[in-house]
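Novice: 3D, please:
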Amino acid sequence: MATAVPSPTPNPDATKYTLDVTLPGMVNLASPEAAEAEGDAFAAAVFRAGGVASVFATANFVTVVRQPGAPWEPITAAVQAAAAEHL
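Specialist: Residues are numbered from 1 along each chain as shown. Prediction:
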C-alpha cells in the first residue's frame, strides 16, 4: 500500500506525487486507452478521475498533467487511491 504526496511544479497544469515506493520501470501514457492497452491498472485508475491529460511515472514519483481548467482535487484523490491499491 503506497502513499502519494502531491507537490507543485513550475507548470500549473502538472503536479508531482512523491511515492514511498520505487517503481520497477517508467510509464509515460497520454490517454486512458493507452493505459488500458498497457495493462497499467494504476494509470488507468488515475485517468478515470477525469481531466487527466497524461501520466508519467519513474523511480519514486508520478507526474500528472491535467487538461486545462480541470480541478486538482479529484485527480489527487484518484492518484492517492490508485497508489494505495495498485503500487
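Novice: just the strands in the chain please.
Specialist: 4-8, 14-19, 27-29, 52-58, 61-66 (DSSP state E).
Novice: for Ala78, find the nearest of the ones you listed.
Specialist: Among the strands of the chain, the nearest to Ala78 by Cβ to Cβ is strand 52-58 (7.9 Å). No exception for glycine: its C-beta is placed from N, CA and C like everyone else's.
Novice: contacts for that closest one?
Specialist: Contacting residues not belonging to strand 52-58 are listed as 13, 23, 25-30, 32, 35, 42-43, 46-47, 62-67, 70, 75, 78 [Cβ atoms under 8 Å, 6 or more residues apart in numbering].
Novice: which residues does Ala30 contact?
Specialist: Ala30 makes contacts with 53-54, as judged by Cβ under 8 Å, 6+ apart.
Novice: can you do 7 Å?
Specialist: By Cβ atoms under 7 Å, 6 or more residues apart in numbering, Ala30 lies in contact with Ser54.
Novice: show me which residues of the longest helix anywhere in the chain are buried.
Specialist: Ordering each helix of the chain by length in residues (DSSP state H) puts helix 72-86 first. Residues of helix 72-86 classed as buried: 72, 75-76, 78-80, 82-83 (neighbour count, 16 or more other Cβ atoms under 10 Å).
Novice: now, which of the residues you listed sits nearest Gly51?
Specialist: Nearest to Gly51 out of the buried residues of helix 72-86 is Ile75 (Cβ to Cβ; 6.1 Å).
Novice: test my guess that the closest one contacts Arg66.
Specialist: Yes: look at Ile75 against Arg66 with Cβ atoms under 7 Å: they come within range, at 5.9 Å.
Novice: now do the shared contacts for those two.
Specialist: Counting by Cβ under 7 Å, 6+ apart, the residues touching both Ile75 and Arg66 are 51-52.
Novice: follow-up on the earlier one: drop anything exposed from the contacts of strand 52-58.
Specialist: Applying 16+ other Cβ under 10 Å to these flags 13, 23, 27, 29, 32, 35, 42-43, 46-47, 62-66, 70, 75, 78 as buried.
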